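Chemist: this one's sequence-less:
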């Protein structure tokens, strides 16, 4: 039996033998949480996640300077969605886009579809996520021979099924209870550089 490293969490370090952190150990982290308030309708065409919610310019962009082609990068987007409509449900797609040319061009490297249901008597709320797993810098377009100034991450969202009642929410409740106050937004993005 091999002695496999243990990862405490997707964004945490890999615990290996003493003195050998193992692949996946975090070197740098850039993260941001939106300051959106209330609930915002999810558009039917992919729109960027902005600092205050959805679709506004400029996009919320995370940046790590001086990336290396031999290092790994991973990213994630997490947000809360509710379906307030009485329709059977909706489907939401989340996207993670990476740029290595200073933000002029973004390429989609991860996307994920989520279904959210509803009924005449119950509103459904749930967290949705999309992950870009550990990916070599070279696979993202990072080059050491022609140094890449930065790696940038932006996220997009769209609704492919369902009504305008499918919303990104920062209320902290979906069952008619009292909303949790003092939330700092529910759209969270991370970009990590790892061994």
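Modeler: In hand now; what should we look at? Since we're looking at a predicted model, the values are computed, not measured. Residues are numbered from 1 along each chain as shown.
Chemist: list the contacts of residue 154.
Modeler: By C-beta atoms under 8 Å, 6 or more residues apart in numbering, the residues touching residue 154 are 48-49, 59-62, 96-97, 99, 106. Where C-beta positions appear, they are placed from N, C-alpha and C, glycine not excepted.
Chemist: between those, which sits nearest residue 187?
Modeler: Nearest to residue 187 among those is residue 49, at 5.8 Å by C-beta to C-beta.
Chemist: ramachandran angles for the residue lying closest to that closest one once chain neighbours are set aside?
Modeler: The shortest distance from residue 49 to any non-neighbouring residue, by C-beta to C-beta, 6 or more residues apart in numbering, is to residue 155 (4.4 Å). Main-chain dihedrals, residue 155, degrees, to the nearest 10: phi -130, psi 150.
Chemist: quick check, pLDDT for residue 155.
Modeler: Looking at residue 155, its pLDDT reads 96.
Chemist: with residue 20 instead?
Modeler: For residue 20, pLDDT reads 53.
Chemist: gap between the residue nearest to residue 49 and residue 131?
Modeler: Residue 155 sits 12 Å away from residue 131, going by C-beta to C-beta, to the nearest Å.
Chemist: what residues are shared contacts of the two?
Modeler: Counting by C-beta under 8 Å, 6+ apart, the residues touching both residue 155 and residue 131 are residue 96.
Chemist: name the SS class of the nearest residue to residue 87 once chain neighbours are set aside, please.
Modeler: Nearest residue to residue 87, sequence neighbours excluded (C-beta to C-beta, 6+ apart): residue 163, at 5.2 Å. Here residue 163 is recorded as coil under DSSP: H, G, I helix; E, B strand; the rest coil.
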